[in-house]
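> How does the following fold in three dimensions:
(one chain, ligands or ions: 1)
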Amino acid sequence: AALSRVADVDVKGGWKSGDPVPYASLAKTFSLIEATTKRLEKTSILTSFFFLVIQRRAKGDSSSLLQSVYLCINRLSPDYVGVELGIGESLLIKAISESTGRTLATLKAELKKEGDLGLVAMNSKRSQKTLFKPRPLTVPFVFSSLREIALSSGHSSQAKKVSIITKLLAACQEMEAKYIVRSLEGKLRIGNAERTVLVALAHAVVLADKEQNGKKWSKEKLTSRFEESANIMKSVYSELPNYDLVVPALLDHGVMKLKNVCKLTPGVPLKPMLAKPTKAIGEVLDRFENKRFTCEYKYDGERAQVHKLERGSVAIFSRNSEDMSNKYPDLVEQLSHCIKPETKSFVLDAEAVALENTTGKLMPFQELSKRKRKDVKVEDIQVHVCLFAFDLLYLNGEPLLQKPLWERRELLQKYFQVVPGEFDFARSSDGESTDEIQAFLEESVKDGCEGLMIKMLDSDASYYEPSRRSVNWLKLKKDYLAGVGDSLDLVVVGGYYGKGKRTNVYGAFLLACYDADAEEYQTICKIGTGFSEEVLQSHWDALRPLESQKPRGDVKAGGAKPDIWFEPKVVWEVLTADLSLSPVYTAAQGLVDERGISLRFPRFLRVRDDKLAEDATGPEQIAEMYERQTLAQSRGGKNNKAS
Ligand code: ATP
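Numbering: from 1, shown residues only. Model prediction:
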């Protein structure tokens, strides 16, 4: 069944062994994936395509598979290198117009109707009469054209980009234009999560190996091999998120041996481990009962993953794997004071926190966010920063992810030294009673922290789990305890024009969560209170350039009807006191009920510049919060009755 779609994604007669991968085959793959919502079907379509790529590649070639993978996830390089697409609408419309001869006005009108520039491009191509058939597009040609576009900068770059896009569009056939234009926009919108790509890659390599070596496996053997290989692939990629390194190794060594050759490497930022929210100390004790755990201050700053290669310089990466070394030149300098001579290479997990200049007291995140994001010069720095390290993931050539936390912490404290005001270890307390945790929590808040992080200390439950929101890390925020509710990170997808005094700004906003599996934004609530005039003005400035008459194709609006839609980009942290089922909104639909879940009395807390739209809270978390609330209410109800 894994290869049942080979015939569907193949290009009959047009793809021989050793040929470059025809883009037509990839476009077919995309359209089949887009047409189904079933995860297994998406996986088998993609497995079939990757299988063909592997089978038909020239001997020793890994770039055909590598480029195919990048196009499937709509990226052109590892995340942290930052070669990005996201070409503006007007430039694309100009290129479509130049390539098809349709006027800008016609194209804009059609875009208003369709809401998808990819479709507009495809329709425009279809209605265009051509005298001769262009040479078919290939994956290497499309990939290098996209890279050239992404990398061109400077004042003549607009014209250059239009010319490359026009050339690409001129060669498009069938549905190719749709996907080329969507790739250029930076959003493929086919519902193809990266996880599916990893699983399909693993399956395709297993099948290609089986075929090549004439292995006769039973159905059970193949199923278990599939499962094992997919797990290996996911785990390797979370440790080394770089396809440039993983794909060639995969082809050379197969999946089963991948762990031996692809390991956490300084210079390649890994996706950080995240924590689950918890509402009460009782919940912490339930979870960690009879286990060793530690409580650490939850600093209110910015996550910083610090890497150093032997004889290399220090690099600092953000929560989203962006290189922040230019934002924190002072930290880079400060780090040299805290590294002991025997510490040659390392990866640290830490939080960068603003300090008050005179007293050295911890300042809230808002202070830190006043810093410029790029090209900061040490002499211009106003906001002083200290690094609080809480984990050590790699030391002197050896990954430490699979050592228990107590051991990683010991190494951290042994190989680094405290420099007051510059570098310190996260304050921790291993006290285990409710009273001790409560006292430490109060202390953390008094010292300017958000609350506590509570972490498993011992056994395999305390291994570092990259990219996971793990139950082995719990966060206990003071807000939760005050009973004011949960905070969520939501994407602003729509606006409502203001009335009365607010006519020159948006008066309310439509928010959405993000479903990474379905790759879609699901609406969750309208928010319109708690904004000062100044804040409304800054929202207007940030959101106005993102306006659009129609929701983007990946926004599942439900019954929400804002006056204007926004490109999903801006993330806000929002507090809610209560969640309820809603016939209007689509968040978490089908998870606890046919209806969606909505926030009641949402309150704006702050803009989350450090998060991408894809990092917004997901539907499972919202469903979990809803269920927790229902459970608490039913417990409360019982208690009330009993009393
Ligand atoms: P939040 O919205 O609460 O900041 P988040 O979604 O960015 O959370 P979470 O996993 O929910 O990420 O919370 C963990 C964050 O808290 C980390 O990303 C890190 O930036 C910060 N943090 C501060 N102190 C610690 C600590 N001692 N251990 C781990 N993370 C810490």
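
> Around the ligand, which positions in the protein sit nearby?
Contacts of the chain with the ligand, taken as Cβ under 6 Å from any ligand atom, map to 272, 274-275, 296-299, 303, 319, 351, 390, 426, 453, 475. From N, CA and C alone the C-beta is placed, and that goes for glycine too.

> among the residues you listed, which are in strands?
Residues of the residues of the chain next to the ligand located in strands (DSSP state E): 274-275, 296-298, 303, 351, 390, 453, 475.

> Let me see the contact set for the nearest residue to residue 573 once chain neighbours are set aside.
Distance criterion Cβ to Cβ, 6 or more residues apart in numbering; nearest residue to residue 573, sequence neighbours excluded, is residue 605 at 4.4 Å. Residues near residue 605 by Cβ atoms under 8 Å, 6 or more residues apart in numbering: 487, 572-575.

> and the gap between residue 605 and residue 624?
20 Å (Cβ to Cβ, to the nearest Å).

> sorry, back to before: are any of the residues of the chain next to the ligand buried, and which?
Burial by neighbour count, judged by 16 or more other Cβ atoms under 10 Å, picks out 272, 274-275, 296-299, 303, 319, 351, 390, 426, 453, 475 from the residues of the chain next to the ligand.

> Quick check: what element follows the lowest-mean-pLDDT helix or strand in the chain along the chain?
The helix or strand of the chain with the poorest confidence is helix 478-481; it has a mean of 68 (mean pLDDT, DSSP states H and E). Per DSSP states H and E, the first helix or strand lying C-terminal to helix 478-481 is strand 486-497.

> Which secondary structure elements does the next helix or strand after that next one sit against?
Using DSSP H and E, the helix or strand that follows strand 486-497 in sequence is strand 506-515. Under the contact criterion of 3 or more Cβ pairs under 8 Å, 6 or more residues apart in numbering; DSSP states H and E, strand 506-515 touches strand 486-497, strand 520-527, helix 533-543, helix 619-642.

> Pick out the shakiest of these, pLDDT-wise.
The stretch with the lowest mean pLDDT among the helices and strands packed on strand 506-515 is helix 619-642, at a mean of 72.

> Tell me the spatial nearest neighbour of the residue of the stretch 301-450 of the chain found nearest the ligand, not counting adjacent residues.
At 3.4 Å from the ligand, residue 303 is the closest residue in the stretch 301-450 of the chain, using Cβ to the nearest ligand atom. In space, residue 303 comes closest to residue 319 once its chain neighbours are excluded; the distance is 4.2 Å by Cβ to Cβ, 6+ apart.

> Let me know the pLDDT of the one you found.
92.

> Please tell me I have it right and it contacts residue 609.
No. Between residue 319 and residue 609 there is no contact under Cβ atoms under 8 Å: 11.0 Å.

> correct me, but residue 339 touches residue 306?
No. Using Cβ under 8 Å, residue 339 is not in contact with residue 306, being 9.9 Å away.

> Can you check which residues contact both of the two?
residue 346.

> More neighbours: which of these two?
residue 306 (27 against 18; other Cβ atoms under 10 Å).

> Let me know the secondary structure of the more buried one.
strand (DSSP: H, G, I helix; E, B strand; the rest coil).

> got a list of what the closest residue to it other than its chain neighbours touches?
Distance criterion Cβ to Cβ, 6+ apart; nearest residue to residue 306, sequence neighbours excluded, is residue 348 at 4.2 Å. Each residue near residue 348 by Cβ under 8 Å, 6+ apart is listed here: 305-307, 389, 391-393, 412, 416.

> Export these as a markdown table, with columns for pLDDT and distance to residue 559.
Formatted as a markdown table, the contacts of residue 348 follow (pLDDT from 0 to 100; distance: Cβ to Cβ, whole Å):
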| residue | pLDDT | distance to residue 559 |
| --- | --- | --- |
| 305 | 98 | 41 |
| 306 | 98 | 47 |
| 307 | 98 | 47 |
| 389 | 98 | 48 |
| 391 | 98 | 44 |
| 392 | 98 | 50 |
| 393 | 98 | 46 |
| 412 | 98 | 51 |
| 416 | 98 | 54 |
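
> quick one: stretch 345-363 to chain centroid distance?
On the basis of Cα atoms, centre = their mean, to the nearest Å, stretch 345-363 sits 25 Å off its chain's mean C-alpha point.

> Show me what the helix or strand hosting residue 424 is packed against.
Following DSSP H and E, one finds residue 424 within strand 423-425. Strand 423-425 sits against helix 329-338, strand 384-395, with contacts defined as 3+ Cβ pairs under 8 Å, 6+ apart.

> Name the stretch among the ones you listed that sits most buried.
Ranked by mean neighbour count under mean count of other Cβ atoms under 10 Å, those are led by strand 384-395, which reaches a mean of 22.

> the strands in the stretch 1-150 of the chain, which residues?
Read by DSSP state E, counting those that start in this stretch, the stretch 1-150 of the chain holds no strands at all.

> Now do the helices for it: every range, in order, please.
6-9, 23-35, 39-56, 63-72, 89-100, 104-114, 117-126, 139-151 (DSSP state H, counting those that start in this stretch).

> so what secondary structure elements neighbour the longest one?
With contacts taken as 3+ Cβ pairs under 8 Å, 6+ apart, helix 39-56 sits against helix 6-9, helix 23-35, helix 63-72, helix 194-212.

> can you put these in CSV and add mean pLDDT and mean neighbour count?
What follows is the helices and strands packed on helix 39-56, written out as CSV (pLDDT from 0 to 100; neighbours: other Cβ atoms under 10 Å):
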stretch, mean pLDDT, mean neighbour count
helix 6-9, 93, 16
helix 23-35, 96, 22
helix 63-72, 98, 23
helix 194-212, 95, 21
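
> Dump those helices to CSV, plus distance to residue 44.
Compiled in CSV, the helices and strands packed on helix 39-56 are given as follows (distance: least, Cβ to Cβ, whole Å):
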stretch, distance to residue 44
helix 6-9, 10
helix 23-35, 10
helix 63-72, 14
helix 194-212, 8
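
> So which of the ones you listed is nearest residue 530?
Shortest distance between residue 530 and the helices and strands packed on helix 39-56, using Cβ to Cβ, is found for helix 194-212: 35.2 Å.

> what separates the closest one from the chain centre, distance-wise?
Offset of helix 194-212 from its chain centre (Cα atoms, centre = their mean): 23 Å.

> Quick check: residue 297 touching residue 447?
Yes. At 7.0 Å, residue 297 counts as touching residue 447 under the criterion of Cβ under 8 Å.

> Give the intersection of the neighbour lists for those two.
residue 427.

> my guess is residue 614 meets residue 514, correct?
Yes. Assessed by Cβ under 8 Å, residue 614 is found in contact with residue 514 at 5.8 Å.

> okay, those two: which has more neighbours?
residue 514 (24 against 15).

> Could you tell me which residues make contact with that one?
491, 520-522, 568, 613-618.

> before we move on, what about residue 456?
Neighbour list for residue 456: 288, 291-293, 405, 462, 472-473 [criterion: Cβ under 8 Å, 6+ apart].

> do residue 164 as well
For residue 164, the contact set (Cβ under 8 Å, 6+ apart) comprises 145, 148-149.

> Kindly check the end-to-end length of stretch 567-576 for me.
By Cα to Cα, to the nearest Å, the extent of stretch 567-576 from end to end equals 24 Å.

> closest point of the stretch 501-643 of the chain to the ligand, which residue?
residue 573 (6.2 Å).

> Does that residue touch residue 491 like I think?
No. Assessed by Cβ under 8 Å, residue 573 is found out of contact with residue 491, at 11.4 Å.

> More neighbours: which of these two?
Set residue 573 next to residue 491 and count neighbours by other Cβ under 10 Å: residue 491 wins out with 29 against 16.

> which residues does that one contact?
511-514, 521, 568-572, 613, 616.

> before we move on, the earlier item: now the contacts of residue 514 in JSON lines, with distance to residue 422?
Below are the contacts of residue 514 laid out as JSON lines (distance: Cβ to Cβ, whole Å):
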{"residue": "491", "distance to residue 422": "36"}
{"residue": "520", "distance to residue 422": "44"}
{"residue": "521", "distance to residue 422": "41"}
{"residue": "522", "distance to residue 422": "43"}
{"residue": "568", "distance to residue 422": "38"}
{"residue": "613", "distance to residue 422": "34"}
{"residue": "614", "distance to residue 422": "33"}
{"residue": "615", "distance to residue 422": "29"}
{"residue": "616", "distance to residue 422": "34"}
{"residue": "617", "distance to residue 422": "34"}
{"residue": "618", "distance to residue 422": "36"}
